[in-house]
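In: below are the sequence and a predicted model; questions follow.
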Amino acid sequence: MAATAISIPKTGSPLNYMLRLYSKEVKYEFLKLWRNKGFTFSTIGFPIMFYLLFGVTNRHWDTGSFQIARYLLASYSCMGMIGASLFGIGVGLALERAQGWLEVKQASPMPPQAYLLAKLVTCMGFSLVIGSALLILGSTLAGVHLTLGEVLKLMATTMSGAIPFASMGLFLGLLVPPNAAPGVVNLIYLPMSFCSGLWMPIEILPHWLQRIAPFLPAYHFVQLGLHVVGYARDSSILTHWTALAGFSLVFLGLSWVVFSKQAERA
């Protein structure tokens, strides 16, 4: 009697396996937040609502050298990225920590990098949706004209903000009590956005606020966005990138300290 050969299906190379694993984690993380109507409407709706109220209605504020709708298009795109990062990662991580979902993820064989990368890419995805919606409103209702190069630079600049503000969100998500997370994030997100010049040109703010702004990560982020549309306060782009890199390292370091202490107590 001839022996029957048993064929074992090939799972593919380790690289393909990891790519499938990471892509599925990103897909399900994005779908989870997208189906969360409270998160979707607030994260996408606030920048769009503010732009309609302050950008579109003031579209005639155009002195030739300054157009408020063009300014707010860049600043609210940055605001959308900050909101998606702080709420998507900060509040989301705090809630998952309370529900025990974070412990399940840690106990699973999934690489921890996939969990964090999925949240980072999801924030970028929401930023892309917000930026696209603002570009459509700006070009159709506010009379803003951007070249294709400016559009691509603005999109790339806003999505790059995922790293520093995801780092801040990670720190808040590990530190803040879950029930207080939305309120604490709002107490940080809204004043920081206002003082950094995301809601209006920073030159309109009181001088003491203008002096505080360079110490805020959102200020350096929005200056990079405003540089694309020609409204940055200075041309020192390297300074703003360096500041954001420094903020990222600080928050990542603080997150590591908090995470290590929580692991020791556990």
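Out: Done, it's in. Numbers count the residues shown, from 1 in each chain.
In: just give the nearest non-adjacent residue to Lys119, would you?
Out: In space, Lys119 comes closest to Ile89 once its chain neighbours are excluded; the distance is 5.0 Å by Cβ to Cβ, 6 or more residues apart in numbering. C-beta: built from backbone N, CA, C; applies to glycine.
In: the one you found - that's part of a helix, no?
Out: Yes - Ile89: assigned to a helix according to DSSP: H, G, I helix; E, B strand; the rest coil.
In: so how far is Pro164 from it?
Out: Distance of Ile89 to Pro164, given as Cβ to Cβ, to the nearest Å: 12 Å.
In: list the contacts of the residue nearest to Lys119.
Out: Ile89 makes contact with Lys119, Leu120, Cys123, Ala166, Gly169, Leu170, Gly173, according to Cβ atoms under 8 Å, 6 or more residues apart in numbering.
In: report the buried residues of the host helix or strand of Val185.
Out: Taking DSSP states H and E as the definition, Val185 sits inside helix 181-195. In terms of neighbour count (16 or more other Cβ atoms under 10 Å), helix 181-195 has its buried residues at Ala181, Pro182, Val184, Val185, Ile188, Tyr189, Met192, Ser193, Cys195.
In: ditto for stretch 136-153
Out: Residues of stretch 136-153 classed as buried by neighbour count (16+ other Cβ under 10 Å): Leu137, Gly138, Ala142, Val144, Leu146, Lys153.
In: okay, these in TSV with secondary structure, pLDDT and distance to Asn36 next?
Out: Output for these, formatted as TSV (DSSP: H, G, I helix; E, B strand; the rest coil; pLDDT from 0 to 100; distance: Cβ to Cβ, whole Å):
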residue	secondary structure	pLDDT	distance to Asn36
Leu137	helix	94	24
Gly138	helix	92	27
Ala142	coil	90	30
Val144	coil	90	31
Leu146	coil	91	31
Lys153	helix	93	31
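In: can you give me the helices in this protein?
Out: Listed in chain order, the helices of the chain (DSSP state H) span residues 14-34, 37-50, 68-85, 92-99, 101-107, 112-140, 148-160, 162-175, 181-195, 207-212, 217-229, 237-265.
In: now do the nearest residue to Phe50 once chain neighbours are set aside against Glu29, distance only.
Out: Spatial nearest neighbour of Phe50, chain neighbours left out: Tyr76 (5.9 Å); criterion: Cβ to Cβ, 6+ apart. Distance, Tyr76 to Glu29, by Cβ to Cβ: 24 Å.
In: which one of the contacts of Ile89 is nearest Ala98?
Out: Gly173 (10.5 Å; Cβ to Cβ).
In: the closest one: neighbouring residues, count only.
Out: Here the count is done by other Cβ atoms under 10 Å, and Gly173 has 27 residues near it.
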